[in-house]
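Colleague: predicted model and sequence below, questions to follow.
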Amino acid sequence: MYAAHDLAYFSDDRGLFPPVPSLLLHAVRGLAMVPALTAVPYSAVYFEGRFVPPHGDEAKVPLTDPGYLLGDGVFATMHGYDGVCFRAERHLAILVRGAELFGLTLPVGVDRLIAIADEAASRTRVRDAYVRVTLTRTSDDARPALSVISRPLDVPAAGDYANGVKATIVSARRIPPACVDPTVKSTSYAPLVLARREARSRGIGAGEGIMLAVDGSLACGTMANLFLVKGDELLTPSLASGCRAGVTRELVLELALRVGLRPREATLPLEALFEADEAFFTSSRVECLPIASVDGRDIGRPREGDEVKPPRAAALRGALRAVVSDESTFATMSERRGTA
């Protein structure tokens, strides 16, 4: 069995994909191409109906479980702000849709699960928390395993928001919707893990890899969605690219008009990225993170005679943060937020 304390996340990949069992680390740590990995413990672990010690042996998954062997499960990741998971209902609605696709049933109601997720966020005792809810099939097919884990969330540095981050086009293409429903977060994350490793191998630091659709058009980041600003338009790849209909993506499209932009989903050629006035990533973790360059080519540098406009990514992040503040305050006061 693997215990919860064996499932650490690592400083070079934290918050980006599901943890790797420590037994695997011992097998790969000697390989020169693998960066040094520093384990950081979780703050809270909820398993089998209760919170258990994060460093104990009470949360264990048998090696024979289909969730472990086959990735037969779904998950949701949320950003907890001061102990309240932002738009938890929407994240968990996606989880429920995925569970139905996999033939899994939540062992608790959504309201109860929201309360558990908020409690997990609170137990980190920090402003920004990473909260992951996972539902997987077990060897007892009638009883899926539900877990909730949390830890402090490593948000991008202030300098990354001010100056932007580097990005790179990765070789792996995004799986199209005709193959796998992109709205579902499955625990089978191998393609994205490999894409992320490829991006990291190119030394982009806090940046992100950009994935293309099978037709070569823009799709998304390896762990985030992608937006472009061109004039007064806010552009993002359509769902036909295989990008995920994320909660943050949805909110940014809603907020576009507030900052003077017209939102549009479209099939975007790769060239559109380098012709854009701005480009940025969105996700629960990064909110709106500007892209400074892609494979060494600057993004959005003003040309002679161009009107210099305030960064729209910053304006959208400010609008997003205002929504977070309003909704988190309401959620804190609401009777819906019970005690786990």
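Modeller: Looks like it arrived, so ask away. Keep in mind that this is a model prediction, so the values were computed, not measured.

Colleague: could you pull out the strands in the stretch 201-340 of the chain for me?
Modeller: Ranges of strands in the stretch 201-340 of the chain, per DSSP state E, counting those that start in this stretch, are 208-212, 218-221, 225-230, 233-237, 262-266, 278-283, 287-294, 297-298.

Colleague: quick one: work out the angle between the fourth one and strand 262-266.
Modeller: Counting by axes from the mean of the first three to the mean of the last three CA atoms, to 10 degrees, strand 233-237 points 30 degrees away from the direction of strand 262-266.

Colleague: and strand 233-237, which residues are buried?
Modeller: By neighbour count on 16 or more other CB atoms under 10 Å, the buried set for strand 233-237 is 234-237. All C-beta atoms are positioned from the backbone trio N, CA, C, and that covers glycine.

Colleague: one more: stretch 52-62?
Modeller: Residues of stretch 52-62 classed as buried: 52, 54, 59, 61 (neighbour count, 16+ other CB under 10 Å).

Colleague: for residue 134, which non-adjacent residue is closest in space?
Modeller: Distances taken as CB to CB, 6 or more residues apart in numbering place residue 75 nearest to residue 134, at 4.3 Å, with adjacent residues excluded.

Colleague: and the one you found, that one's in a strand?
Modeller: Yes: per DSSP: H, G, I helix; E, B strand; the rest coil, residue 75 lies within a strand segment.

Colleague: relative to residue 217, which of the buried residues of stretch 52-62 is nearest.
Modeller: Closest approach to residue 217 among the buried residues of stretch 52-62 (CB to CB): residue 61, at 38.7 Å.

Colleague: state the pLDDT value of the closest residue to residue 52 other than its chain neighbours.
Modeller: Spatial nearest neighbour of residue 52, chain neighbours left out: residue 58 (4.0 Å); criterion: CB to CB, 6+ apart. pLDDT, residue 58: 87.

Colleague: quick check: residue 58 touching residue 49?
Modeller: No: using CB atoms under 8 Å, residue 58 is not in contact with residue 49; the gap is 11.3 Å.

Colleague: the residue nearest to residue 134 and residue 86, how far apart?
Modeller: 17 Å (CB to CB, to the nearest Å).

Colleague: so which of those two has more stuff around it?
Modeller: Between residue 75 and residue 86, residue 86 has the larger neighbour count (other CB atoms under 10 Å), namely 23 against 20.

Colleague: so for the more buried one, what's the pLDDT?
Modeller: Confidence score, pLDDT, at residue 86: 97.

Colleague: now it: phi and psi?
Modeller: The phi/psi pair for residue 86 (degrees, to the nearest 10) reads phi -70, psi 130.

Colleague: when you give positions from now on, start the count at 39
Modeller: In the new numbering, first residue 39, that becomes residue 124.

Colleague: residues contacting it?
Modeller: 116-118, 285, 322, 362, 365-366 (CB atoms under 8 Å, 6 or more residues apart in numbering).

Colleague: next one: residue 136
Modeller: Residue 136 neighbours (CB under 8 Å, 6+ apart): 112, 219, 221-224.
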